[in-house]
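Trainee: sequence and predicted model, in that order:
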Amino acid sequence: MADGPRPGSEEEFSRAVEVFARGYAFVRSATHPYLCERVEGSGTAWVLRDAPRRDPRRGRREEWVGHGPAAADLDALAGAHARTHFALSVIRRLEEPDGPLRSAYKSRGFRFRGAEPLMIHRLGLMPSPPAARTAEGTLVRTTRVTTPALAERLGAVTRRRPLGPEFLAEDSPQRQYAALAGAEIVGWVSSVVVRFADGSVATWCADMYVAAEHRRRGIARALLARMLRDDRKHASTASVLTASRAGAELYRSAGYDQLGELLLFQPPKP
């Protein structure tokens, strides 16, 4: 495992926010490039937006991400530079109170849309892969998607464009995993590679899903165990994700720690 920043440090937190911003933008680029750019002069803010389109009316919502000094004034940055409608992702460290941030944005007319834990796995102690089974008792195996045939099958189940050949190679910028019960795909997760300017690597855990009828049977943990071992094998220093309140318990059981919280705000209608 490659050495990462000191646990709990400001550097670790800032890098985790960058992994979130860049990893989220990568996932959204599956159908059209979704760019991730650091806002000049802010130091702690990012804007995620569509690359230019032929028809601007098809543009997706921009996401403005800020932490530290930028968090309190993210609406001013977005208001001055957004090209279309936008939402804010204001990220706080756990030791920072959320009350002042919520009150500040409420006073400006923003609607609070919810909060998600920002979590990190430092890829030290790995979760043990359980003997996962379906509701019917069928043994589940996890595998990385490396063949066009499996990519096509997964695309059909997820109703998304299948992974192209560039994502099936060993050094792919995204590694996709599937949980198989015989020939049936019952779950999946992906790991997106984020490379920093110093050459180090971290990963963004995205799209974790297990079919509802097969949940709480070890399948999600088995997928995480497989993914995290591959992350470490490919020199990642950490795996980062955001979770629902309920999902956070699964990730904690697999060795993730909560670094902070993502507060989502919707601006007032013009």
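Mentor: Cool, got the structure.
Trainee: contacts and neighbour counts: CA atoms only from here.
Mentor: Fine.
Trainee: list the buried residues in the one helix or strand L150 maps to.
Mentor: L150 is part of helix 148-158, with elements assigned from DSSP states H and E. Buried residues in helix 148-158, defined by neighbour count with 16 or more other C-alpha atoms under 10 Å: L150, A151, E152, L154.
Trainee: how far does that helix sit from the chain's center?
Mentor: Centroid separation for helix 148-158 versus its chain: 21 Å, with C-alpha atoms, centre = their mean, to the nearest Å.
Trainee: which other helices and strands contact that helix?
Mentor: Helices and strands touching helix 148-158, as assessed by 3 or more C-alpha pairs under 8 Å, 6 or more residues apart in numbering; DSSP states H and E, are absent.
Trainee: what sits up against that helix?
Mentor: V145, R161, P162, L163, G164, P165, L168, A178, I185 (C-alpha atoms under 8 Å, 6 or more residues apart in numbering).
Trainee: show me the helices in this protein, by range?
Mentor: 10-28, 74-81, 99-107, 148-158, 219-233, 245-253 (DSSP state H).
Trainee: off-centre distance for stretch 247-264?
Mentor: 12 Å.
Trainee: can you list the buried residues in it?
Mentor: Applying 16+ other C-alpha under 10 Å to stretch 247-264 flags 248, 250-251, 254-264 as buried.
Trainee: and that stretch, C-alpha only, in PDB?
Mentor: Taking Å, rounded to 0.1, in the frame of the first residue of the first chain, the C-alpha atoms of stretch 247-264 are listed here in PDB:
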ATOM      1  CA  GLY A 247     -25.600   2.800   4.000                       C
ATOM      2  CA  ALA A 248     -23.000   4.400   6.200                       C
ATOM      3  CA  GLU A 249     -23.200   1.400   8.700                       C
ATOM      4  CA  LEU A 250     -22.300  -1.000   5.900                       C
ATOM      5  CA  TYR A 251     -19.200   1.000   5.000                       C
ATOM      6  CA  ARG A 252     -18.200   1.400   8.600                       C
ATOM      7  CA  SER A 253     -18.300  -2.400   9.000                       C
ATOM      8  CA  ALA A 254     -16.000  -2.600   6.000                       C
ATOM      9  CA  GLY A 255     -13.400  -0.300   7.500                       C
ATOM     10  CA  TYR A 256     -14.400   3.200   6.300                       C
ATOM     11  CA  ASP A 257     -14.200   6.200   8.600                       C
ATOM     12  CA  GLN A 258     -16.300   9.300   8.400                       C
ATOM     13  CA  LEU A 259     -14.200  12.400   7.600                       C
ATOM     14  CA  GLY A 260     -17.000  14.900   7.200                       C
ATOM     15  CA  GLU A 261     -20.500  15.600   5.900                       C
ATOM     16  CA  LEU A 262     -21.800  16.800   2.600                       C
ATOM     17  CA  LEU A 263     -24.600  19.300   2.900                       C
ATOM     18  CA  LEU A 264     -26.800  19.800  -0.200                       C
END
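Trainee: what's the mean pLDDT across that stretch?
Mentor: For stretch 247-264, the mean pLDDT works out to 96.
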